[in-house]
Each structure stands twice: as structure tokens, then as C-alpha cells.
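Visitor: Got a predicted structure here, sequence first:
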Amino acid sequence: FLYTGHYTLYRSGTDHSEIDLSCFGYYYPNNAEWRWRSHHHQTQEKVIASASRSQPINVNRTDFGDRLTSTVTNFNGKNFNMRIVPVLFEDAGVYTCSMGTYKMVTITLITVKVTAEPSDAVSEGDTVTLTCSVSDVTDSLRLVWISSDGKTVAEKTLNRRNGE
């Protein structure tokens, strides 16, 4: 459970990844909203969900379609939790929950995806190029390729300074 503060979460951009956006208020405000600022589009914050106490939760489906859902039907003034399933690489960004006039939680979502070239079936001995993409580097990040037998094949440290 994430309480007031700032958190960084990592998710793979695959059909099997999900994120729960948890927001908990302890003073029963009348309204709440989740906002999102994309890492990919560098746009202004967008309201992706909003609620008023005892009213149905309003979900903006413009960017997430049916992948963004509320875990409850009506806002009770205390819990305002959302879920994204599946997480896509483009979902990376900063998610902020506010209740009333208070910013409750900020979650920076960093997404990772691996692509293979060629992407179709290959035979043993064929050359395959694997590419790991990271949506954003906020601090130092160490990427490690590990073979099926558990041995390190390659590794690289990325950091915000050199943009690698």
C-alpha cells in the first residue's frame, strides 16, 4: 500500500504486466483525481480519473481505453484506486493522486521492453539481436542480460547524466 510520498515503479510493457495506482485519504475529502504526465509525449498533465464522494468514478479513456479501470464503483471519500492492465511501454510517466487540495501520492512509472530481431522463429545457431528499451532513467540503472543457464552475458549502467 502506498501512502503519501513519491514512488518509482518499474513494469514491463507486455500483455502480462499491470499496475495498481493506490490512493488513500485519511480525512474524507469530497473529491479526488488521478493525473498523468507522459514521459513519451512530454505533454501537460491530463486528468485520467476523477471522483466526487458517493458518485460514480469518471474514467477518461482517451489515452488508456478500457485498460484503465477503477477498483470500486463509487468514491467513498477515502480510497481512490485505479488499475492499468496491461501496461504498455507508452504508459510511462508520472501519476499523481490528489484528494481535495492535497497531493496524496506521486508514482513515477518506468516501463521496460525487450524486442528481438528477427522477431519470427529462429533456429539454434541463428543470430538474434535483443534490444532493451527503458522509458526514462531517473537515477542510475543497471541492465543485465542473463543467459538461460544463469550466466551474465552483458551489462550496462545507465544514468541520467549521459543519457545512455
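Guide: Right, received. Where do you want to start?

Visitor: Pull the contacting residues for Thr115.
Guide: Shown in contact with Thr115 (CB atoms under 8 Å, 6 or more residues apart in numbering): 130-131, 133. Every residue, glycine included, has its C-beta placed from N, CA and C.

Visitor: host element of it?
Guide: Under DSSP states H and E, the secondary-structure element containing Thr115 is strand 102-117.

Visitor: quick one, what contacts the spatially most central residue of the chain?
Guide: When CA atoms, centre = their mean is applied to the chain, the residue found nearest the centroid is Leu109 (3.6 Å). The contact partners of Leu109, by CB under 8 Å, 6+ apart, come to 9-11, 19, 87, 91-95, 135.

Visitor: Repeat the analysis, applying 6 Å as the threshold.
Guide: 9, 92 (CB atoms under 6 Å, 6 or more residues apart in numbering).

Visitor: next one: Tyr28
Guide: Gly77.

Visitor: Could you report the pLDDT at it?
Guide: We note a pLDDT of 76 for Tyr28 in this prediction.

Visitor: quick one, strands of the protein?
Guide: Counting by DSSP state E, the chain has strands at residues 5-12, 19-21, 31-38, 46-52, 58-59, 68-70, 82-84, 93-99, 102-117, 129-134, 141-146, 152-158.

Visitor: His6 against Thr106, yeah?
Guide: Yes - His6 lies in contact with Thr106 (CB atoms under 6 Å); the separation is 4.5 Å.

Visitor: Looking at those two, which one has more neighbours?
Guide: Shown here are His6 and Thr106; by other CB atoms under 10 Å, Thr106 has more neighbours (17 against 12).

Visitor: For the more buried one, give its distance to His39.
Guide: Look at Thr106 and His39: by CB to CB, to the nearest Å, they are 14 Å apart.

Visitor: okay, and for this protein, where does confidence drop off?
Guide: Applying pLDDT under 70 to the chain flags residues 1-3, 42, 161-164.

Visitor: tell me the residue furthest from the middle of it?
Guide: Distance from the C-alpha centroid of the chain peaks at Gly125, with 36.2 Å (CA atoms, centre = their mean).

Visitor: still on that earlier bit, the strand holding Thr115 to strand 93-99, inter-axis angle?
Guide: Inter-element angle recorded for strand 102-117 and strand 93-99: 160 degrees (by axes from the mean of the first three to the mean of the last three CA atoms, to 10 degrees).
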